[in-house]
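Chemist: Need a 3D model of the sequence below.
(2 chains)
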Amino acid sequence: DTAVSQTPKYLVTQMGNDKSIKCEQNLGHDTMYWYKQDSKKFLKIMFSYNNKELIINETVPNRFSPKSPDKAHLNLHINSLELGDSAVYFCASSQDSANYGYTFGSGTRLTVV
Amino acid sequence: GNSVTQMEGPVTLSEEAFLTINCTYTATGYPSLFWYVQYPGEGLQLLLKATKADDKGSNKGFEATYRKETTSFHLEKGSVQVSDSAVYFCALRGNTNAGKSTFGDGTTLTVKP
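Modeler: Numbering: from 1, shown residues only, chains lettered A, B, ... in the order given. The predicted structure is shown next:
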């Protein structure tokens, strides 16, 4: 199926640990994104890559590091996890034009204990 | 910068009621406008879009018209169903700022039988 798939769907980990979330899209889109959604459902963009190049890097702690090995993959690595990192993280992709909407993955619910 | 303001929720309606969720925006240039829907436990899905003034986007009985004079893109549905219960996000995407989308804060809709 054509989609944006991210793994894992759930991630429970202890404070101080390092974890990664993976994202892959097979839609042929040029641009991929990471968003954070908090408990009130507010969406905040974190990063965006276009053809493996970082184009958006919002004010995010440098414990968060994205990596895009190719334009179909965008991974998110988080070092030294904190309680406040608990949220749902969404990957999305899009064509590189304002006329196109985003296709979102189903999300990764991260819980830091 | 760009911004999107949505009607605050939560909104609770009875089945078959008329739905309006207000959305206004501020943007430079001529952005495209979108509505996304997020069902419980899922990622956002593109519901409809309009790419220029006076365009009407429609899907699954939902409609929204791009009104440049009032900078609005209100979502409407004539008769809601229980299955429409979800969080609705208004968004815009312009050609500036690396083509980043700006999302509203989301409006939670609950439809009761």
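Chemist: C-alpha from now on. contacts and neighbour counts both.
Modeler: Will do.
Chemist: Tell me the residues of chain A that contact chain B?
Modeler: Within chain A, the positions adjacent to chain B are A:41-43, A:55-56, A:90, A:96-99, A:101-107 by CA under 8 Å from any CA of the partner chain.
Chemist: Repeat the analysis, applying 6 Å as the threshold.
Modeler: Contact residues, chain A versus chain B (CA under 6 Å from any CA of the partner chain): A:F42, A:A98, A:N99, A:F104, A:G105, A:S106, A:G107.
Chemist: Please list only the buried members of those.
Modeler: Among those, the ones that count as buried by 16 or more other CA atoms under 10 Å in any protein chain shown are A:A98, A:N99, A:F104, A:G105, A:S106, A:G107.
Chemist: so the fourth one makes contact with A:S5?
Modeler: Yes. At 5.3 Å, A:G105 and A:S5 qualify as touching, with contact defined as CA atoms under 6 Å.
Chemist: what residue ranges in the chain score low on pLDDT?
Modeler: You didn't pick a chain, so chain A it is. Regions of chain A meeting the criterion pLDDT under 70 cover residues A:1-2.
Chemist: that's the other chain; I wanted chain B
Modeler: B:97-98.
Chemist: Residue of it closest to chain A, please.
Modeler: The minimum distance from chain B to chain A, using CA to the nearest CA, falls at B:G43 (4.3 Å).
Chemist: How is the closest residue in space to that residue that isn't next to it in sequence assigned, secondary-structure-wise?
Modeler: Once flanking residues are discounted, B:G43 sits nearest to A:S106: 4.3 Å by CA to CA, 6 or more residues apart in numbering or on different chains. Three-state assignment for A:S106 (DSSP: H, G, I helix; E, B strand; the rest coil): coil.
Chemist: And for B:S83?
Modeler: helix.
Chemist: Can you name every helix or strand that the host helix or strand of A:A92 contacts?
Modeler: Element membership for A:A92 (DSSP states H and E) is strand A:87-94. Secondary structure elements in contact with strand A:87-94, counted by 3 or more CA pairs under 6 Å, 6 or more residues apart in numbering or on different chains; DSSP states H and E, are strand A:31-37, strand A:103-104, strand A:108-112.
Chemist: closest to B:A53 out of these?
Modeler: strand A:103-104 (23.6 Å; CA to CA).
Chemist: Including distance to B:E16, could the helices and strands packed on strand A:87-94 go into JSON lines?
Modeler: Formatted as JSON lines, those follow (distance: least, CA to CA, whole Å):
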{"stretch": "strand A:31-37", "distance to B:E16": "30"}
{"stretch": "strand A:103-104", "distance to B:E16": "29"}
{"stretch": "strand A:108-112", "distance to B:E16": "33"}
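Chemist: For B:Q38, find the nearest of these.
Modeler: Nearest of the helices and strands packed on strand A:87-94 to B:Q38, taken as CA to CA: strand A:103-104 at 10.1 Å.
Chemist: Run through who's touching that closest one.
Modeler: With contact meaning CA atoms under 6 Å, 6 or more residues apart in numbering or on different chains, strand A:103-104 is reached by A:C91, A:A92, A:S93, B:G43, B:L44.
Chemist: from the residues you listed, which single one is nearest B:L19?
Modeler: Nearest to B:L19 among the contacts of strand A:103-104, with distances taken as CA to CA, is B:L44, at 19.6 Å.
Chemist: Nothing else from me, thank you.
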